[in-house]
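**Student:** From the sequence below, what's the structure:
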Amino acid sequence: MCRQKRVTKKHHTPLLLYFSLGYAVLIVYASLYPLIGWQNDGASSIDFVFAGWPRYTTTFDLVINIAAYIPLGFFLASALRPRFVPKHAWWIAVLAAALLSFLLEFTQNYLPSRVASNLDLAGNACGALLGALPGVLWRRQRIDNLRLAYWPDHGQSFELGLVLMGLWLLTQFDPATLLFGSGDLRSLLPLPSTLTFSAAGFVRIESLIAASGLLATLLMASLIAPTHQRRLFPLLLLAVGLAAKSLAFALMTHPKTALAWATPGALLGVLVGGLVWLAALALPLTWQRLLAATALFTASVMVNLAPVNPYLENLQNTWNPGQFLNFHGLTHFITLLWPYLALPWFAFHRPHVRHD
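**Tutor:** Coordinates of the predicted model:
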């Protein structure tokens, strides 16, 4: 009996803990975006807690503040469930999320573009409470059993790979980037564009970026997928990614521009990247991992060398994110960092083939 308990405990996947920590980091960035203009106006930093009803508030803001913390409450409660009884896991998750919200509202006092609000704090706490309830009631053994059934030989790199795939989907919600082109550091670092813009040349560069970025993503998805789903899982991921890209254009610009990403260069890149991926599946897994890392490195380098796209530049100059400010800051942040988080993953991931 003791031995069985040890085995069960050993196989609790840390995936939900990774999601909790990753989601918390994203909330921190979105809440403090754009992270500039820090100052102290001399007022008390906790006055917002005892203030009356905010003068300017909308139903949209209230709903967003509640909805943003529902996943955090769920992930935290589910991650804590193996260590605590449901009631304790629920309260710890809610208190941890509420404390995070308080610290972020407190910090917003020092950002002129942000306004600390007790209504935001209350909405965040309510969202965490709502999310934590199904988190403790949900039988997380299902995800542990799924992990053992389909990925019994994979180590922690499997969980990290799934987290990276989730972050990749979020990068598709940034309409101000080339298709599958992430990692452009020129907004952070003084990196000059070494290539001059020309229509024909840009199509070739765009195709290379799209093909390399897609090849890396599809191979990464294949490497973490169950053996019998090494084609289906990447294709489903691609379909969801393109749907997210279309939705981002439709919501943040105009419904008529939902397919603005489907330029000749991008479509050619998707075709080439997809065909190379299908051919690469015949290679040994080690070679697939090396090819994926090389493709991702190539895409990241080309994104930083590519000339400025006049269309995207005009979009950035004329588009006002408005109510999507937090979300845009979040997706832009992930888009900048994603390839530099994914490249180290290829170095230590060791895929295994399951033999039934």
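
**Student:** Report all helices and strands that the host helix or strand of Asn304 contacts.
**Tutor:** Secondary structure assignment for Asn304, by DSSP states H and E: helix 285-305. In terms of contacts (3 or more Cβ pairs under 8 Å, 6 or more residues apart in numbering; DSSP states H and E), helix 285-305 is packed against helix 199-224, helix 264-280, helix 325-348. Where C-beta positions appear, they are placed from N, C-alpha and C, glycine not excepted.

**Student:** okay, the ones you listed, which one's buried deepest?
**Tutor:** Among the helices and strands packed on helix 285-305, helix 199-224 has the highest mean neighbour count (mean count of other Cβ atoms under 10 Å), at a mean of 23.

**Student:** Could you check how far Leu62 is from Ser117?
**Tutor:** Distance, Leu62 to Ser117, by Cβ to Cβ, to the nearest Å: 10 Å.

**Student:** Would you mind telling me which of these two has more residues around it?
**Tutor:** Set Leu62 next to Ser117 and count neighbours by other Cβ atoms under 10 Å: Ser117 wins out with 20 against 16.

**Student:** isn't the more buried one right up against Glu105?
**Tutor:** Yes. Shown here, Ser117 and Glu105 form a contact pair, counting by Cβ atoms under 8 Å, at 6.6 Å.

**Student:** what do the two both touch?
**Tutor:** Phe48 (Cβ atoms under 8 Å, 6 or more residues apart in numbering).

**Student:** Need the per-residue pLDDT for Phe297.
**Tutor:** With respect to pLDDT, Phe297 has a value of 93.

**Student:** could we number from 8 for the rest of this?
**Tutor:** Understood, numbering begins at 8; the last thing we discussed is Phe304.

**Student:** what's near enough to touch the most centrally placed residue in the chain?
**Tutor:** Among the residues of the chain, the one closest to the centroid is Leu174, at 2.4 Å (Cα atoms, centre = their mean). Shown here is Leu174, whose contacts under the criterion Cβ under 8 Å, 6+ apart are 29, 341, 345, 348.

**Student:** and those as JSON lines, adding pLDDT and distance to Thr184?
**Tutor:** Shown next, in JSON lines, are these (pLDDT from 0 to 100; distance: Cβ to Cβ, whole Å):
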{"residue": "Gly29", "pLDDT": "78", "distance to Thr184": "20"}
{"residue": "Ile341", "pLDDT": "82", "distance to Thr184": "11"}
{"residue": "Trp345", "pLDDT": "89", "distance to Thr184": "11"}
{"residue": "Leu348", "pLDDT": "88", "distance to Thr184": "16"}
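
**Student:** Out of the residues you listed, which two sit at the greatest distance?
**Tutor:** Gly29 and Trp345 (12.0 Å; Cβ to Cβ).

**Student:** about what we covered before: quick one: which of the contacts of Leu174 is nearest Leu137?
**Tutor:** For these, the nearest to Leu137 is Gly29 (20.3 Å; Cβ to Cβ).

**Student:** Check the spacing between that closest one and Ala299 real quick.
**Tutor:** Using Cβ to Cβ, we find Gly29 at a distance of 21 Å from Ala299.
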